[in-house]
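**Student:** coords please:
(chains A and B)
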Number of protein chains: 2
Amino acid sequence: MRNLKMTIEYDGSRYNGWQKQKQGESTIQYKIENVLSKMTGEDIMVIGCGRTDVGVHAENYIANFHTNCELTVETMLDYLYQFLPEDIVVKSLEDTTERFHARYNVKSKTYVYRINNNKFRNVFNRKYTYHTDEKLNFSEMRNAAEILIGEHDFQSFTNLKPGSKTTVRTINYIHITDVEGNIEIEVNGDGFLLNMVRIIVGTLLEVGSGKLKVMDVEKVLMEKKRAEYGPMAKAKGLCLKEVQY
Amino acid sequence: MRNLKMTIEYDGSRYNGWQKQKQGESTIQYKIENVLSKMTGEDIMVIGCGRTDVGVHAENYIANFHTNCELTVETMLDYLYQFLPEDIVVKSLEDTTERFHARYNVKSKTYVYRINNNKFRNVFNRKYTYHTDEKLNFSEMRNAAEILIGEHDFQSFTNLKPGSKTTVRTINYIHITDVEGNIEIEVNGDGFLLNMVRIIVGTLLEVGSGKLKVMDVEKVLMEKKRAEYGPMAKAKGLCLKEVQY
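**Tutor:** Residues are numbered from 1 along each chain as shown, chains lettered A, B, ... in the order given. Modelled structure (predicted):
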């Protein structure tokens, strides 16, 4: 049986996230499984590298699936390109080892959160960028980001209810760049809890606008429970940029 | 009476072009006049720098309007920002001389046509970029573009029916750039006839893909009638970049 690894780009605006929840729901996973099942005549199950929230985008989402179908990868790619909706593109497809698992084998992931910090929204990237004209203090945001680097219990930075599963994760880096008011917050870590990137970004934005102090972020992290600060940043600004295996 | 000059950015995807044709139609002009009329309590007429086709975008469209309204430009800008739809932004507004006329005073205009020449469409710019994976010969396209530079009768490059109005225009430059398959064709001229930029781009694309030879372009130009070659390039790739006064 073949095991195929896919790299997928999608505009998440119209979808209920990656993950299929109930049959027929509009999710990226469902759309892709549907086309693959038609193409192969099999009941294809796609294994994704993780969930993405409703409205979140991806530049290089990784997934894999098993099939007995003997079509070449080129033919499969063309078929997918033709039958997937215009906001989902499978960019590459390759035969991989039997044991490759898109979720279990993830070493780390890179998300990017895009903010337009100019006076007005830009009409051309308005669906992929969060707009705020609040003056942001990047130096304070970088100081706050520093606190989150490394291995921590991120219970304060997730909407996951406290339970039996560990909420310890490692963040490798958070880079904040500003090119003429186009801000990117790039976050790399070994795994992310429910809404974690959006809560981190929401918290950094509150630090940037002065609503929260750098030392408050340390306190919130230590408290290990969801605080009243650090609202989730809007989904549309978030994009899964890369997955490392 | 005040005369106000506006710079407007719009995503033309949803609109029937700039120009109001019949009352209530979904055009950019109609949307802006509507908001300005509510703001001022007057029946505002907006003078645009020219028509743009259905589905064409603008980064810096220029228009002006007269009013007795005494609000500051900042207040007006905020009002427009709040009440215009999210795909139209008035980026700046300034009091100008009584005699300024957004259409009559145009010296030249710059359009940019964007083409994604990679294997697959990019989901994030799919509404603002024409996608083709045909191999293009840029050197031949630049040679063909050279033929169109200068003052010519562009009757072959418009869908305007031959009539009493002159179809002589001057093209100042056509720049073709390619950055990793993201192609931009920038065209600057003193004025453009109906569909002229799109027909020029369509013709250059046929030269690029080898369907048309450079010398054919010269022949078409000389014939002064619309040829069977040079189909209109799709509207969504076209954007009014700047207007010079």
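
**Student:** in what helix or strand does the most far-flung residue of chain A relative to its centre lie?
**Tutor:** Most distant residue from the mean C-alpha position of chain A: A:Glu70, 31.9 Å away (Cα atoms, centre = their mean). Per DSSP states H and E, A:Glu70 falls between elements, in no helix or strand.

**Student:** Okay, it and chain B: tell me how far apart.
**Tutor:** 23 Å (Cβ to the nearest Cβ, to the nearest Å). Using the backbone N, CA and C atoms, a C-beta is placed for each residue, glycine as well.

**Student:** Kindly report the residues of chain A close to chain B.
**Tutor:** Proximity of chain A to chain B is confined to A:9-11, A:57, A:81, A:86-89, A:91, A:120-124, A:126, A:128 under the rule Cβ under 8 Å from any Cβ of the partner chain.

**Student:** hmm, try it at 6 Å
**Tutor:** A:9, A:11, A:86-87, A:89, A:120, A:123-124, A:126, A:128 (Cβ under 6 Å from any Cβ of the partner chain).

**Student:** which two in those are spaced the farthest apart?
**Tutor:** Largest separation among the residues of chain A next to chain B by Cβ to Cβ: A:Val89 and A:Phe120, giving 29.8 Å.

**Student:** Between these two, which has more neighbouring residues?
**Tutor:** A direct count of neighbours by other Cβ atoms under 10 Å in any protein chain shown for A:Val89 and A:Phe120 places A:Val89 higher, at 22 against 16.

**Student:** wait, what's in contact with that one?
**Tutor:** When contacts are counted by Cβ atoms under 6 Å, 6 or more residues apart in numbering or on different chains, A:Val89 touches A:9, B:120, B:123.

**Student:** just checking, it is part of a strand?
**Tutor:** Yes - A:Val89 sits within a strand when classified using DSSP: H, G, I helix; E, B strand; the rest coil.

**Student:** and it, how far is that from B:Val89?
**Tutor:** Applying Cβ to Cβ, to the nearest Å, the value for A:Val89 to B:Val89 is 28 Å.

**Student:** And for A:Glu86?
**Tutor:** Distance from A:Glu86 to B:Val89, by Cβ to Cβ: 25 Å.

**Student:** just A:Gln155 next, same as before
**Tutor:** Separation of A:Gln155 from B:Val89 (Cβ to Cβ) stands at 40 Å.

**Student:** ok, now A:Arg2?
**Tutor:** 49 Å.

**Student:** A:Arg169 now?
**Tutor:** 39 Å.

**Student:** One more: A:Lys236?
**Tutor:** 17 Å.

**Student:** now swap in A:Tyr81 and tell me
**Tutor:** Distance from A:Tyr81 to B:Val89, by Cβ to Cβ: 33 Å.

**Student:** again with A:Phe157
**Tutor:** To B:Val89, A:Phe157 is 34 Å away according to Cβ to Cβ.

**Student:** what does A:Arg14 give?
**Tutor:** Using Cβ to Cβ, A:Arg14 is found at 23 Å from B:Val89.

**Student:** and A:Ile44, how many residues sit next to it?
**Tutor:** Using other Cβ under 10 Å as the criterion, A:Ile44 is surrounded by 19 other residues.

**Student:** Correction: the previous question concerned A:Leu194.
**Tutor:** Neighbour count for A:Leu194, taken as other Cβ under 10 Å: 14.

**Student:** do the same with the one 5 residues further on
**Tutor:** Other residues within reach of A:Ile199, judged by other Cβ under 10 Å, total 25.

**Student:** Now do the same for it: its pLDDT.
**Tutor:** Per-residue pLDDT puts A:Ile199 at 97.

**Student:** Ok, A:Glu228 next?
**Tutor:** With respect to pLDDT, A:Glu228 has a value of 78.

**Student:** Contact partners for it?
**Tutor:** For A:Glu228, the contact set (Cβ under 6 Å, 6+ apart) is empty.

**Student:** now it: how far from A:Phe124?
**Tutor:** 35 Å.

**Student:** Show me the strands in chain A, by range?
**Tutor:** With DSSP state E as the criterion, chain A has strands at A:2-10, A:46-48, A:57-67, A:88-96, A:108-116, A:130-131, A:150-153, A:168-179, A:182-189, A:238-244.

**Student:** can you put these in CSV and add mean pLDDT?
**Tutor:** Shown next, in CSV, are the strands of chain A (pLDDT from 0 to 100):
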stretch, mean pLDDT
strand A:2-10, 98
strand A:46-48, 97
strand A:57-67, 98
strand A:88-96, 98
strand A:108-116, 98
strand A:130-131, 97
strand A:150-153, 97
strand A:168-179, 97
strand A:182-189, 98
strand A:238-244, 98
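
**Student:** Tell me which of these sits nearest to B:Lys213.
**Tutor:** Closest approach to B:Lys213 among the strands of chain A (Cβ to Cβ): strand A:88-96, 34.0 Å.

**Student:** Direction included, what does that closest one pair up with?
**Tutor:** Strand A:88-96 has its sheet partners listed here by DSSP bridges as strand A:2-10 (antiparallel).

**Student:** which of the residues in the partner strand are buried?
**Tutor:** A:3-10 (16 or more other Cβ atoms under 10 Å in any protein chain shown).

**Student:** Kindly report the same for stretch A:99-116.
**Tutor:** Neighbour counts using 16+ other Cβ under 10 Å place A:100, A:102, A:105-106, A:108-116 of stretch A:99-116 among the buried residues.

**Student:** Distance from the chain centre to that stretch, please.
**Tutor:** Mean C-alpha position of stretch A:99-116 versus that of the full chain (Cα atoms, centre = their mean, to the nearest Å) differs by 7 Å.

**Student:** hmm, who's touching that stretch?
**Tutor:** Residues outside stretch A:99-116 that contact it (Cβ under 6 Å, 6+ apart) are A:3, A:47-49, A:62-64, A:122, A:129-131, A:183-188, A:190, A:197, A:201, A:237-245.

**Student:** got the contact list for A:Glu184?
**Tutor:** Listed by Cβ under 6 Å, 6+ apart, the contact set of A:Glu184 reads A:112, A:114, A:177.
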